[in-house]
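Participant: Quick one: sequence plus predicted model below, questions after.
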Amino acid sequence: MKFSSERKVFDVSLDKNRRINLSENPKATIHVTALSRMVVFLLAGLLFLSSGEASKLALLERAAAQNQSSNDSQGADRQALEAQLADLERQIEENQKTIESYQKQGKNLTGEISALNAKINKLNLQIRAINVNLAELNKNIGNTQQQINQSENKIEDHKAAIGKSLRTLYEADSQSIVEILLAKNQISDFFGDLTNITLLQGSLRTSLIEIKKLREDLVAQKEELGLQKDDVENLKAIQEAQRRSIAQTQSDKSTLLKVTKGKESEYQKLLAKTKETAAQIRTRIFELLGGGELTFEKAYDYARLAEGATGVRAPLILAILNRESLLGKNVGRCSYETAMNPTRDIPYFLELLRRLGIDPSSVVAKVSCPNAHGTYGGAMGPAQFIPSTWKLYEGKIISVTNNNPPSPWNNADAFAATALYIKDLLDSSGCKDYASANQNVASYQSLLERCAAAKYYAGARWYTYRFWYGDPVVTQANRYEDDIKVLRGV
């Protein structure tokens, strides 16, 4: 549900007694015993800078110009893709309105056939929209891979330069101050070199800082690449599911026409026969997102408790926690040791298990696995919270369920956590802005819930999933709303 990057710092290991003074204090003293290595470092640095540096600069300038041209081209391509996607999304929303319109008209054979046709059209449009999204993602993957290559090359350049300079310093470490002075024609040359050495000290310090930053950027870029590849795989899986849904819908339509022979009276008999009763709904199995099962009635009881505390409608909570809404993701099968972020999540996870009296090696403590591209897993229980997020909501969960400490594997706590998190997402400026900007194509509340569901699943990447994850969750929530009306006898 949440993603972050592990930051790694490049460390140049040197013997303590031979380490160059990289203090940023301008008043730092340059010891006489260090003069020999500093002078040689100066000469080595100047030699390195002079050896083809002008040609390197020219190459960098040409590369920058080519990058700018490439960026301009990519920007134009992206605008074209976004315009195409916007048009497809408008058509998808129009089809959804058609479906809802027929559903509101009441159940009759003509309306049902029309709704099925509209659903098929919507699914076909969504498949086309996914192709546009995949084209954009593939471009992003190429760009991110290019950035990774550039960062790796820069790191290697910095390491080579620093390594060469440091090796030269060590080789000259035995040189005496007298030898250095004798090598100079004038004393002013000697003191001029000292000034340059001070500057080079600063330059070396800057290079080390730059390497650290490049390594951090590299880790973030690789994390982003993994997420983008994960998005591609998810969208392809959704696309296949939609194709299957089209085939099933067409089959349902054919069966409906065959059974009713186009007669309204036969359709009404069929509708009465297939309509679920309250007893059937109560005993229907509800599969929890993070594993486990409940009857629908029991799941609704938990959702109603969470609704009362947060104001988030119970059907939406149920739709979020339904296993199907997570696209069949792997949950609850890995050890925390291999799945979790070691610094962000593991310490709190172990503390929580200790307070709950759960053995970290037990089956109960299994968490979601990392994805195929190395992004951390570690989500816990039905609500699929990572430990650091559960920690943020712990106090609020206690106020709802009175369980202290609350457990991610306790259904009441998990339902409360989901509702609390969804409430924050519904109240977020990002979802409110999205809902306000698109009210011309769908209702404000539906758009708000679509955004919140997508954020629950994909975090900052929610916009990619607003249709493919957010919309089905809202649709499922509306189906649960109908089930709840039957239970209530409405």
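Facilitator: Looks like it arrived, so ask away.

Participant: which residues in the stretch 301-450 of the chain form strands?
Facilitator: Per DSSP state E, counting those that start in this stretch, the stretch 301-450 of the chain carries no strands over any range.

Participant: for it, which spans come out with low pLDDT?
Facilitator: For the stretch 301-450 of the chain, applying pLDDT under 70 flags the ranges 324-331.

Participant: so where do the helices sit in it?
Facilitator: Assigned by DSSP state H, counting those that start in this stretch, the stretch 301-450 of the chain shows helices spanning 314-321, 336-339, 346-356, 387-401, 411-426, 429-437, 444-458.

Participant: Look at the residue nearest to residue 307 when sequence neighbours are not counted and say how many residues are nearby.
Facilitator: Leaving aside its sequence neighbours, residue 307 sits nearest to residue 314 (Cβ to Cβ, 6 or more residues apart in numbering; 4.3 Å). To be clear about C-beta, it is placed using only N, CA and C from the backbone, and glycine gets the same treatment. As a burial measure, residue 314 scores 23 neighbours (other Cβ atoms under 10 Å).

Participant: rewinding a little: now render the helices of the stretch 301-450 of the chain as a markdown table, adding distance to residue 252.
Facilitator: Formatted as a markdown table, the helices of the stretch 301-450 of the chain follow (distance: least, Cβ to Cβ, whole Å):
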| stretch | distance to residue 252 |
| --- | --- |
| helix 314-321 | 22 |
| helix 336-339 | 40 |
| helix 346-356 | 45 |
| helix 387-401 | 40 |
| helix 411-426 | 32 |
| helix 429-437 | 32 |
| helix 444-458 | 24 |
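
Participant: Ok, which of these comes nearest residue 93?
Facilitator: helix 444-458 (9.8 Å; Cβ to Cβ).

Participant: For the helix or strand just after the closest one, buried residues please.
Facilitator: As assigned by DSSP states H and E, the chain's next helix or strand after helix 444-458 is helix 471-488. Buried positions in helix 471-488, judged by neighbour count with 16 or more other Cβ atoms under 10 Å: 471-474, 476-478, 480, 483-484, 486.

Participant: Tell me which other helices or strands helix 471-488 touches.
Facilitator: Other helices and strands packing on helix 471-488, by 3 or more Cβ pairs under 8 Å, 6 or more residues apart in numbering; DSSP states H and E, are helix 278-283, helix 296-310, helix 314-321, helix 444-458.

Participant: rerun that using 6 Å as the cut-off
Facilitator: For helix 471-488, the elements it packs on are helix 278-283, helix 314-321, helix 444-458, judged by 3 or more Cβ pairs under 6 Å, 6 or more residues apart in numbering; DSSP states H and E.

Participant: chain center to the longest one, what's the gap?
Facilitator: Remark: helix 444-458 is offset 15 Å from the chain centroid, using Cα atoms, centre = their mean, to the nearest Å.

Participant: That helix versus helix 429-437: what angle between them?
Facilitator: Here the directions of helix 444-458 and helix 429-437 differ by 140 degrees (axes from the mean of the first three to the mean of the last three Cα atoms, to 10 degrees).

Participant: Helix 444-458 relative to helix 411-426, how many degrees between them?
Facilitator: Going by the same axes, to 10 degrees, helix 444-458 makes 120 degrees with helix 411-426.

Participant: Can you tell me what sits against helix 444-458?
Facilitator: 316, 320, 422, 425-426, 431, 434-435, 438, 462, 465-466, 469-471, 473-474 (Cβ atoms under 6 Å, 6 or more residues apart in numbering).

Participant: same check, this time on stretch 379-387
Facilitator: Everything outside stretch 379-387 that qualifies as a contact, by Cβ under 6 Å, 6+ apart, is 1-2, 288-290, 321, 345, 348-349, 367-368, 378, 408-409, 414, 417-418.

Participant: continuing past the lengthiest helix in the chain, what's the next helix or strand?
Facilitator: For the chain, the helix with the greatest residue count under DSSP state H is helix 187-260. Per DSSP H and E, the first helix or strand lying C-terminal to helix 187-260 is helix 264-274.

Participant: Name the residues that touch that following helix?
Facilitator: When contacts are defined by Cβ under 6 Å, 6+ apart, helix 264-274 is touched by residues 107, 109, 260.

Participant: Now it: buried residues?
Facilitator: residue 267.

Participant: Tell me the gap between it and the middle of its chain.
Facilitator: Averaged C-alpha coordinates place helix 264-274 at 46 Å from its chain's average position (Cα atoms, centre = their mean).

Participant: Buried residues of stretch 250-262, list them for me.
Facilitator: Neighbour-count burial for stretch 250-262, counted by 16+ other Cβ under 10 Å, picks out 253, 256, 260.

Participant: Would you reformat the buried residues of helix 471-488 as JSON lines and include pLDDT?
Facilitator: Formatted as JSON lines, those follow (pLDDT from 0 to 100):
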{"residue": "471", "pLDDT": "88"}
{"residue": "472", "pLDDT": "89"}
{"residue": "473", "pLDDT": "93"}
{"residue": "474", "pLDDT": "93"}
{"residue": "476", "pLDDT": "92"}
{"residue": "477", "pLDDT": "95"}
{"residue": "478", "pLDDT": "92"}
{"residue": "480", "pLDDT": "94"}
{"residue": "483", "pLDDT": "92"}
{"residue": "484", "pLDDT": "94"}
{"residue": "486", "pLDDT": "91"}
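
Participant: before we move on, back to that, how close does the residue nearest to residue 307 get to residue 85?
Facilitator: Taking Cβ to Cβ, to the nearest Å as the measure, residue 314 falls 33 Å from residue 85.

Participant: ok, back up a step: can you tell me which of the helices and strands packed on helix 471-488 is nearest to residue 232?
Facilitator: Taking Cβ to Cβ, helix 444-458 is the member of the helices and strands packed on helix 471-488 nearest to residue 232, at 13.3 Å.

Participant: still on that earlier bit, which of the contacts of helix 444-458 count as buried?
Facilitator: 316, 320, 422, 425-426, 431, 434-435, 438, 462, 465-466, 469-471, 473-474.

Participant: still on that earlier bit, can you list the buried residues of helix 471-488 in TSV and add distance to residue 239?
Facilitator: Formatted as TSV, the buried residues of helix 471-488 follow (distance: Cβ to Cβ, whole Å):
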residue	distance to residue 239
471	14
472	13
473	18
474	20
476	19
477	23
478	23
480	25
483	28
484	31
486	33
